[in-house]
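Chemist: generate coordinates for the sequence data below:
(chains A and B)
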There are 2 protein chains.
Amino acid sequence: MRTSIATVCLSGSLTEKLRACAAAGFDGVEIFEPDLVAAIQSPEEIRALAERLGLSLDLYQPFRDAEGVTEQVMATNLRRAEAKFRLMNRLGIDLMLVCSNVATASLDSDEVSADQLGRLSDLAATYGIRLAYEALAWGRYVSDYRRAWHIVRRADRANLGVCLDSFHILSRGHDPAAIENIPADKIFFLQLADAPSLSMDVLSWSRHHRLFPGEGSWDLGAFVGHVAAAGYTGPLSLEVFNDTFRQTDPIRTAAHARRSLAWVADQAARWLERADGDRTGGPTSLPRLTDAASPTGVDFVEIKAENTGALEELLGRLDFGFRGRHRTKPVTLWSAGEARVILNEQRARDQVPHLAAVGFVVPEAKAALARAGELGANPVHRRTYAGEVELSAVRAPDGTEIFLDEPSATERGWMAEFEHGEPGSECLITGVDHVNLVQPWQDFDEAVLFYTSVLGLTAAPSTEVAGPRGLVRSQVMRTCDGSVRLPLNVAPAILDHAVLPQHIAFSCTDVAALAERARSQGLPFLPVPGNYYEDLAARYDLSSDSIERLRGLNLLYDRDGSGEFVHFYTGTIGEVFLEFVQRRGGYDGYGAGNAPVRLAAQGG
Amino acid sequence: MRTSIATVCLSGSLTEKLRACAAAGFDGVEIFEPDLVAAIQSPEEIRALAERLGLSLDLYQPFRDAEGVTEQVMATNLRRAEAKFRLMNRLGIDLMLVCSNVATASLDSDEVSADQLGRLSDLAATYGIRLAYEALAWGRYVSDYRRAWHIVRRADRANLGVCLDSFHILSRGHDPAAIENIPADKIFFLQLADAPSLSMDVLSWSRHHRLFPGEGSWDLGAFVGHVAAAGYTGPLSLEVFNDTFRQTDPIRTAAHARRSLAWVADQAARWLERADGDRTGGPTSLPRLTDAASPTGVDFVEIKAENTGALEELLGRLDFGFRGRHRTKPVTLWSAGEARVILNEQRARDQVPHLAAVGFVVPEAKAALARAGELGANPVHRRTYAGEVELSAVRAPDGTEIFLDEPSATERGWMAEFEHGEPGSECLITGVDHVNLVQPWQDFDEAVLFYTSVLGLTAAPSTEVAGPRGLVRSQVMRTCDGSVRLPLNVAPAILDHAVLPQHIAFSCTDVAALAERARSQGLPFLPVPGNYYEDLAARYDLSSDSIERLRGLNLLYDRDGSGEFVHFYTGTIGEVFLEFVQRRGGYDGYGAGNAPVRLAAQGG
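Modeler: The predicted structure follows:
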């Protein structure tokens, strides 16, 4: 499988973009015309640079408003195209993207369009150039790939084919299955983009909100599967217009883009396998990733700080037991039920308490790590000493270290390194319910792809919560069974994301009893306003006794169709606070309705 | 006219919001329920604070999903409402907003809705409370204010009326004229919001993109005019859900909001005057602003820096003549035609060159200043010395000082303070074509309102331009005749706005001759890539001689239906560069198509 990417996906100058694409391991690029026009380098220099970097120049794009026009406009178009064909010869590009006409089309006729594209192709042929005709979702007359293919077939030129773009097809809700009816040698190019589900005009949606595959709401595995089933063996290319990626470091965005192609190829290969019954043969050139089962739970969370004393005190008031001190490092282990918290003061000078690492239990650590490597995840290197267990970790986009640890039959291997602790005892806490990671806005989409592709988590629908300093966007990444839940919160742009604290939520068998015990220990709860409880009484038919009990313990309450949720928060220490939750019945949420109250209490 | 604002418009805690509203001079507020629920203060404390601040609590909102429901749900709703009525009694609020049902409506019947709202009103009456029923644009069955009024009329309760919200009416394209058919005593409340013209689902549009009147695309003067013509004399209130205002300083946002009401009241009063022929009498309680004609031109621009030497050199190479040194300050004046540039080194320690002030020619400076004062514009105080002309200025949202200067019959008064200059001579530059001010993204909407209300400029449709570090949004504020043009550019969020330079564009009679002269003087032009000229040749039927002449002088070219535009840029000095433009025929743009080339050259 060859990989490609349009230069418009990245920030920077054209030469910066080319270097970033090469560094990320792309095989080729699409040259987006405005990037070339604005480049100070000559076409020959760009060609030579790409050659040195080992990048093929796969496509020149776009050529607009070519067909469906009067003969007078057609004459101008041929002149305009010929200048671009000459330029393409200098660049060494033999394929041009021709978009369906938006601005100048005046004739809604397949006959006219086929005739005009045919003549354009004949002119292109004299320069050794092929044309890939694409139906834009907002094309004046041609906005459906099936009609574009119909016109191409009618024009019947060897150097004229179609370009398929997942955005233009899926945004209009067109069924991609008919792609399989197009002969493979007529699919000249394939452009991929994902997108969030939005209800807005398709042009704005396309220009601002495209995402890399795996970050939006479309089934791109199936889409690529249909194209592969048609027999297409050309490059998988990305064309993503996105306001964020236009601003962020191109080196990082390119790596992130490359990860999305590795993921989507694997998804497509799986889709083809599943659909195999219907098909005979079909190409198998789509590379698979190592199969790795999703995590089955959270093994530990690590909080790092120059001084973890305040956290030790907090945990001590909350049913956590001291499980020992690491035999070689200034690190302590605390646990309660299946919840394990590591407090780490190693190399933490001047650092306030923050969530540094999350350990996940995976069935096969080796496979999970191999898969993460294939997806270009950055490995984490921690110094270990002789006899210590070597844990494997990769770094998430926000810098959090993600450990991948196998369950051992008895106690976890790494726990043996902690000495002089107390034995665990019965307690009200059972484990980690969810870990809430705050994301800088520019890392959010990358994080969604990271957790989707590396850990196999699924993105739940995102919500927005009003805080006193702006809207906080929250998207939960989780396993189907809910054994791993990672809500990702995005801070308002004006806030430094570090201002919004992260948190770990622990599940309990009896959150009220835990709160009562903690209160008697002097726990600093996050205070909940009295108005909240009055509103609760208005909204739900809870007895006044229940309300008073909730109020007395600073407990918050939520309910959905299938159950109830009771929870409380501690105050914030550094950049971290803790939450304790009890799910009753089939409640599957996170008390989002209470989040504004929490944010107000934290921001006040 | 009484003024009010919903607490949801502002960031911060409820008490911060109340203080900001009082500081901005609002008469009252709408209490947005989630703000109260999240407040740590009791309802009594909030009531007492508002009383001390001199703010009336005008409305409690919203009560959702009240009507069109089964009797079982209705029983819950009455219980829920009664808890809120009790709360309102404690707050001392006698008016509640009841939104048309979105979530629980199951009966699409005016009869049922009228009956249920009637019973809710009867219950409210026992608490001395009135209900204002509002059709949400996305209400399940009731989404048109005319239907809401029909239901209210049918329910026929003294304490039940309608609430009109410009967003819900104008977003659906409903004609506001029928508001005049509603008896004044049945319009219980009026909420105002403007909005940009967007094509997206109305709920997201409402939740994220509302604007204060004067910042969007609707004619709110006419809207308020219709409501006033109906005889409404209650408060004009603002309800603006906006992602930006949720994040920004509430003191500043409240002042900005208050300005929008002063402006919209004036617009409505004018609208009523114009529509007077159709009406008899009608209320005249809408306060007018002082009439002040829009500026007729740019008097001067001022660039400030610790050292303006590089700018002196630049101006000297570009037909500008030295017109003297200020007799008491380290300030020099340069001019060419009607373009005047002041270079100011006073109190500019460590400041790189930046655009500090723009002087506008206004027919009556006194009236313009009075109007600015009525709109809450911050006056600028500069030290003047005996015998010096006192210039009047206000500060724009981005900090730029805006001077309002009358034309004198002969030379401008303030120019006499500059001594030992050379006399002006014939030159190719005629004046200032436009001044481009870069706005921090959070100040943009406020800037649009400022220039609309204070200077009477009009917002042209906004455009977006791709730069190497993100999309730059550009909106031109201008007079109808184009004698004053202020493009406002908004930098991508990730960039400090100061990274995007501002510029002054000067109009010329012969931009090619000016460029040639400047080149012979050694001017540092902004270099234009060769690829740009090749693209130009492909796009337009310009002779190769013309193209070569453009290329030789680093000139850029644009064309629209009515004329041509030729221009060039200097390099950037500090945060400023200069542009020189020549408009031919009726060309009315700014060469936006060339902006990506400029941004790339500046960012590379």
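
Chemist: three-state assignment of A:Leu164?
Modeler: strand (DSSP: H, G, I helix; E, B strand; the rest coil).

Chemist: list the contacts for the nearest residue to it once chain neighbours are set aside?
Modeler: Spatial nearest neighbour of A:Leu164, chain neighbours left out: A:Leu190 (5.3 Å); criterion: Cβ to Cβ, 6 or more residues apart in numbering or on different chains. C-beta: built from backbone N, CA, C; applies to glycine. Contact partners of A:Leu190, counting by Cβ atoms under 8 Å, 6 or more residues apart in numbering or on different chains, are A:Cys163, A:Leu164, A:Asp165, A:Val224, A:Val227, A:Tyr232, A:Gly234, A:Pro235, A:Leu236, A:Ser237.

Chemist: for chain B, see how far away A:Leu190 is.
Modeler: From A:Leu190 across to chain B, the span is 24 Å (Cβ to the nearest Cβ, to the nearest Å).

Chemist: could you do A:Ser260 as well?
Modeler: Taken as Cβ to the nearest Cβ, the span from A:Ser260 to chain B is 21 Å.

Chemist: pull the contacting residues for that residue.
Modeler: A:Asp194, A:Phe212, A:Pro213, A:Gly214, A:Glu215, A:Leu238, A:Leu449, A:Ser453.

Chemist: so of those, which ones are in helices?
Modeler: Mapping the contacts of A:Ser260 onto helices (DSSP state H) picks out A:Leu449, A:Ser453.

Chemist: of the contacts of A:Ser260, keep whichever come out buried.
Modeler: A:Asp194, A:Phe212, A:Pro213, A:Gly214, A:Glu215, A:Leu238, A:Leu449, A:Ser453 (16 or more other Cβ atoms under 10 Å in any protein chain shown).

Chemist: ok, which pair from those residues is furthest apart?
Modeler: A:Leu238 and A:Ser453 (14.5 Å; Cβ to Cβ).

Chemist: how far off centre is the one helix or strand A:Leu343 maps to?
Modeler: Using DSSP states H and E, A:Leu343 maps to strand A:339-344. Chain-centre distance of strand A:339-344: 27 Å, with Cα atoms, centre = their mean, to the nearest Å.

Chemist: same check on stretch A:255-263?
Modeler: With Cα atoms, centre = their mean, you get 10 Å for stretch A:255-263.

Chemist: same question, stretch A:511-520
Modeler: Worked out by Cα atoms, centre = their mean, stretch A:511-520 lies 38 Å from the chain centre.

Chemist: for that stretch, buried residues please.
Modeler: Here stretch A:511-520 shows A:Val511, A:Ala512, A:Leu514, A:Ala515, A:Arg517, A:Ala518 as buried, counting by 16+ other Cβ under 10 Å.

Chemist: kindly report the same for stretch A:78-93.
Modeler: A:Arg80, A:Ala81, A:Glu82, A:Lys84, A:Phe85, A:Leu87, A:Met88, A:Leu91, A:Ile93.

Chemist: what's the closest of these to chain B?
Modeler: Comparing the buried residues of stretch A:78-93 against chain B with Cβ to the nearest Cβ picks out A:Arg80 as the nearest, at 5.3 Å.

Chemist: could you tell me which of the buried residues of stretch A:511-520 belong to helices?
Modeler: A:Val511, A:Ala512, A:Leu514, A:Ala515, A:Arg517, A:Ala518.

Chemist: which residue packs closest to the first one, ignoring adjacent ones?
Modeler: Looking back up the chat, that one is A:Val511. A:Gln582 is the one closest to A:Val511 (Cβ to Cβ, 6+ apart), at 3.8 Å.

Chemist: just the helices in the stretch 251-400 of chain A please.
Modeler: Using DSSP state H, counting those that start in this stretch, the helices found in the stretch 251-400 of chain A span residues A:309-316, A:365-374.

Chemist: wait, which of those is closest to A:Leu599?
Modeler: Ranking these by distance to A:Leu599, with Cβ to Cβ as the measure, places helix A:309-316 first at 20.4 Å.

Chemist: in the closest one, what counts as buried?
Modeler: A:Leu311, A:Glu312, A:Leu314, A:Leu315.

Chemist: appreciated, that's everything.
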